[in-house]
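*Asks:* Dropping a prediction and its sequence here:
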Protein chains: 2
Amino acid sequence: MNDSGKVILNITISLDGFIAGPNASPSNPLGDEGIRLHDWLFKAKTDLDVQVIQDLVETSGAVIVGGRTYHDAIDTAWGGTTPFLVPAIVVTKNTPSEKKDGFIFVAEGIEEALKRAKLIAAHKNIWVMGGATVIQQFLAKRLFDELHIDIAPVMFMKGKKLFEGLGDIKIELQNVAVVQTPQATHLKFRRS
Amino acid sequence: MNDSGKVILNITISLDGFIAGPNASPSNPLGDEGIRLHDWLFKAKTDLDVQVIQDLVETSGAVIVGGRTYHDAIDTAWGGTTPFLVPAIVVTKNTPSEKKDGFIFVAEGIEEALKRAKLIAAHKNIWVMGGATVIQQFLAKRLFDELHIDIAPVMFMKGKKLFEGLGDIKIELQNVAVVQTPQATHLKFRRS
């Protein structure tokens, strides 16, 4: 199998399957305590965590990100500049009026975003980084090669779940790898 | 920390969080294709899988099992004999009329079952092996020291979820260990 040119879905969930804590809103995009999902990326990161994300960054030739994640998190957090090393395709009907360096806005949905991303990424991977709605769409249409799920050792009990509303589809997975750090268990699955 | 005398909750779920496939019923207790949750225990077990379950078996002085699991799976599969090396406390209002060697039936709920199990297990662990309802009750009352979740690389999309209906409780977890085999990722968490 060629190890390049894969579509990789990657998102962090709580052990009980939520992608954000309770009461998520545009001003609180990760919900109450939802920031703990990303402790492995920020305040409690270890060398192993850094390696996990670096592997993804270095092998990716394009990023796909959902509109809500872009508007609520990325655009505000980085003040309009891109945190990515490669072009990011934003799936959104809400295209900003001004140009945003590093970002390409696609209103036609995930298939069109994927087509654009493939042209840009060439033989490198495409990293679909969420949010949940975009990941769910890629899952439901089985438009992926690998699914990387980072499980944070927290339970939220309520909020938005990643694995719901996927309908009557069939997804077959293979275990590929796992790495555990204090704030995450990083699981990789391959679609078979 | 004393490594004995722990209450360990252990159950296998699909990646999307289900403890059985769709259409589970008394005659189909694991639901459609639900048997795949247990491939790591049976048809596809590896030395590592065997070690995971053996560690649990050898450190446990008592088992707690839910009524549905007992009646639908254990009693029928083993024809009334016990598959456990130690006494199993069954939490059920449906006590069999005849005595069952190796089984103790408790109708008063999980606290009473736990009290009985502790007397029997003494300094050894108590292994709460499911089903989902019993695990949910132990979670909701935070009556556990460790949570061992085995994730099978399957997605069911519908069925019964483990992590739901837990209400407004707060559970804090620490990552303890992870082991991956072809048919399971075995995660251990400690309640903190």
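*Replies:* Everything's here; your move. Here the structure is a predicted model, which is why all the values come from computation and not from measurement.
*Asks:* gap between the spatially most central residue of chain A and chain B?
*Replies:* For chain A, A:M129 is the residue whose C-alpha lies nearest the centre (CA atoms, centre = their mean; 1.8 Å). Distance, A:M129 to chain B, using CB to the nearest CB, to the nearest Å: 19 Å. The way it works is simple: take the backbone N, C-alpha and C, and place the C-beta from them, glycine included.
*Asks:* Contact residues of chain A facing chain B?
*Replies:* Contact residues, chain A versus chain B (CB under 8 Å from any CB of the partner chain): A:15-17, A:149, A:151, A:153-155, A:157, A:161, A:163, A:166-169, A:171-175, A:177-178, A:180-185, A:187, A:189.
*Asks:* Tell me where chain A has helices.
*Replies:* Assigned by DSSP state H, chain A shows helices spanning A:47-59, A:67-69, A:75-77, A:110-121, A:132-140.
*Asks:* weakest of those helices in terms of mean pLDDT?
*Replies:* Across those, helix A:75-77 has the smallest mean pLDDT, namely a mean of 77.
*Asks:* Can you mark which positions in it are buried?
*Replies:* Buried positions in helix A:75-77, judged by neighbour count with 16 or more other CB atoms under 10 Å in any protein chain shown: A:D75.
*Asks:* And stretch A:162-170, by the same measure?
*Replies:* Neighbour count says stretch A:162-170 has A:162-163, A:166 buried, by 16+ other CB under 10 Å.
*Asks:* Just give me the closest of those residues to B:H71.
*Replies:* A:F163 (29.2 Å; CB to CB).
*Asks:* In space, what's closest to that closest one - neighbours in sequence excluded?
*Replies:* Excluding its sequence neighbours, the residue lying closest to A:F163 (CB to CB, 6 or more residues apart in numbering or on different chains) is B:D16, at 3.5 Å.
*Asks:* Okay, now the unreliable bits of chain A?
*Replies:* Applying pLDDT under 70 to chain A flags residues A:1-4.
*Asks:* change it to 50
*Replies:* Applying pLDDT under 50 to chain A picks out residues A:1-3.
*Asks:* Would you map the strands across it?
*Replies:* Using DSSP state E, the strands of chain A run over A:7-14, A:60-66, A:88-91, A:103-106, A:125-128, A:146-152, A:173-181, A:184-191.
*Asks:* Quick one: closest of those to A:S97.
*Replies:* strand A:103-106 (10.7 Å).
*Asks:* which other residues reach the closest one?
*Replies:* Here strand A:103-106 makes contact (CB atoms under 8 Å, 6 or more residues apart in numbering or on different chains) with A:70, A:82, A:87-92, A:95-96, A:112-113, A:116.
*Asks:* Going by distance to A:V52, which of those residues wins?
*Replies:* Closest to A:V52 out of the contacts of strand A:103-106 is A:A88 (19.4 Å), distances taken as CB to CB.
*Asks:* Show me what the closest one is bridged to.
*Replies:* Using DSSP bridges, the bridge partners assigned to A:A88 are A:V63, A:F103.
*Asks:* Repeat that for A:N125.
*Replies:* A:N125 has these beta-bridge partners by DSSP bridges: A:S60.
*Asks:* What about A:E33, how many residues nearby?
*Replies:* The tally of other residues near A:E33 (other CB atoms under 10 Å in any protein chain shown) stands at 16.
*Asks:* List the residues that contact it.
*Replies:* Counting by CB under 8 Å, 6+ apart, A:E33 makes contact with A:21, A:154, A:156.
*Asks:* isn't the second one right up against A:G17?
*Replies:* Looking back up the chat, that one is A:V154. No: the pair A:V154 / A:G17 is not scored as a contact, 11.3 Å apart, by CB atoms under 8 Å.
*Asks:* Compare those two and say which is more crowded by neighbours.
*Replies:* More crowded of A:V154 and A:G17, by other CB under 10 Å: A:G17, with 24 against 21.
*Asks:* what sits against A:Q183?
*Replies:* A:36, A:39-40, A:44-45, A:49, A:152-153, B:175.
*Asks:* Look up the closest residue to A:G159, ignoring the ones flanking it.
*Replies:* Nearest residue to A:G159, sequence neighbours excluded (CB to CB, 6+ apart): A:F18, at 4.1 Å.
*Asks:* From B:G34, how far out is that neighbour?
*Replies:* 24 Å (CB to CB, to the nearest Å).
*Asks:* Then A:L187?
*Replies:* Distance of A:L187 to B:G34, computed by CB to CB: 21 Å.
*Asks:* any chance of the helices of chain A in a markdown table, plus distance to B:P26?
*Replies:* Converted to a markdown table, the helices of chain A look like this (distance: least, CB to CB, whole Å):
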| stretch | distance to B:P26 |
| --- | --- |
| helix A:47-59 | 43 |
| helix A:67-69 | 43 |
| helix A:75-77 | 52 |
| helix A:110-121 | 41 |
| helix A:132-140 | 32 |
